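Participant: let me see the structure of the following:
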Amino acid sequence: MLTTSLPRPRPVAPGPLPTLRWGIIGPGWIAERFTEALCRHTQQNVVAVAGRTKEKAARFAEKWAIPKVCDDIAALLALKEVDAVYIATPHNHHFPDGLHALRAGKHVLIEKPLALNAQEGRALQAEAQVQKRFCMEAMWCDFTPKYDVLTQLLEQGELGELHTLIADHGEFFTPDHRIFNPDLAGGPMLDLGSYLVAFSVKVGNGAPDTICARGQAAPGGVNGQASMLFTHAKGLHSVLNTTLFSSTPGTAVIAGRKARLVLDGHFYAPGNFTLTANQGGNTLHWQDEGHHYAQLRYEAEHVAWCVGQGLTESPIRPLATTLTTLTVMDEVRRQLGIVFNEEREPRIV
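Facilitator: As a prediction, the model looks like this:
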């Protein structure tokens, strides 16, 4: 029998929140939305910014009243008044920038993916342990109220035995977009596919038992489309697709013996879902309100709470979960023959 009401979302910061002094590294599109969420919806304090050029950083600082514009990343990391840094540089910079920040004694929140591969991810985990600093991947969906309600439904077994997960994430990009640039670790896997794989790992409660992937190349030497079939313990199949060639609905379906859960697109973002019983058709609805990028606040507040608790990892998204996601993506890329430039020879940072 379907539950009569949805569970209430639990707080991502269940206690006092310290006000961290944040530095922004990589003042691009997502950093602007993250900074807006901090400035307008939290008590967190953004004190410095560094980018590829000082001019770009200065424009960003002026817009958000950030007091310190740094010439480069090293200058920002040298600031004693910076407690934590949000790293939103291109994907192939996440690992070296995160490593440098940890070595400088800063707590780090690194945009997804944490690194290009699991090996780099493990190196970041090890450095955070050595430095006794907090490190987390900014998989923002994990910290939203919608995802917590979904998590509780799965934990409580409200869908029954799970058999099918179907999800897609495709977007249209013009040829000049960075996602087609092999020098920036382009292709859909790290941008769009990481949401799909992370969702599968979440619903499947760990890495899949088997992985089968097929791909299609895009002009410029990057992968343009990937389709994946994962099989998990207890019979769950994940059917996933990501593409750069066109926009897709971006929906997701989790089908169990008792009920199915349908998430509107984009499934990973704040939004709506419907839980429907297989017998009787009883239905429950989750509906999000407000501007959804404001919910970037939750991952930042969770970081602040964790730092205040003296934690070096998140209990909601521990690095082990991130490393599982990266390991699965490594295998998908192996099957598709996707090798990033930085993987062709060891990086020294």
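Participant: how close does residue 230 sit to residue 332?
Facilitator: According to Cβ to Cβ, to the nearest Å, residue 230 stands 9 Å off from residue 332. C-beta coordinates here come from the backbone N, C-alpha and C atoms, glycine included.
Participant: ditto for residue 245
Facilitator: Counting by Cβ to Cβ, the gap from residue 245 to residue 332 is 18 Å.
Participant: higher neighbour count, those two?
Facilitator: residue 332 (25 against 14; other Cβ atoms under 10 Å).
Participant: name the nearest residue to the spatially most central residue of the chain, sequence neighbours excluded.
Facilitator: Geometric centre of the chain, nearest residue: residue 139, 2.2 Å, by Cα atoms, centre = their mean. Spatially, and ignoring its direct neighbours in sequence, residue 139 is nearest to residue 112 (5.0 Å; Cβ to Cβ, 6 or more residues apart in numbering).
Participant: from residue 272, how far off is residue 148?
Facilitator: In terms of Cβ to Cβ, residue 148 sits 15 Å off from residue 272.
Participant: same question, residue 237
Facilitator: Counting by Cβ to Cβ - residue 237 and residue 272 are separated by 25 Å.
Participant: next one: residue 176
Facilitator: 34 Å.
Participant: between those two, which one's more packed in?
Facilitator: Set residue 176 next to residue 272 and count neighbours by other Cβ under 10 Å: residue 272 wins out with 13 against 7.
Participant: per-residue pLDDT, the more buried one?
Facilitator: Note on residue 272: pLDDT of 96.
Participant: so which helix or strand takes in the closest residue to residue 13 other than its chain neighbours?
Facilitator: Computed as Cβ to Cβ, 6+ apart, the closest residue to residue 13 that is not its neighbour in sequence is residue 305, at 3.6 Å. With secondary structure defined by DSSP states H and E, residue 305 is part of helix 297-308.
Participant: just the CA atoms of that helix, as PDB, please.
Facilitator: Taking C-alpha atoms only, helix 297-308 is exported to PDB below (Å, rounded to 0.1, in the frame of the first residue of the first chain):
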ATOM      1  CA  ARG A 297      22.600  27.500  -1.100                       C
ATOM      2  CA  TYR A 298      22.100  24.100   0.400                       C
ATOM      3  CA  GLU A 299      25.400  22.600  -0.600                       C
ATOM      4  CA  ALA A 300      27.200  25.700   0.700                       C
ATOM      5  CA  GLU A 301      25.400  25.700   4.000                       C
ATOM      6  CA  HIS A 302      26.200  21.900   4.300                       C
ATOM      7  CA  VAL A 303      29.900  22.700   3.800                       C
ATOM      8  CA  ALA A 304      29.800  25.300   6.500                       C
ATOM      9  CA  TRP A 305      28.000  23.000   8.900                       C
ATOM     10  CA  CYS A 306      30.500  20.200   8.200                       C
ATOM     11  CA  VAL A 307      33.500  22.500   8.800                       C
ATOM     12  CA  GLY A 308      31.800  23.700  12.000                       C
END
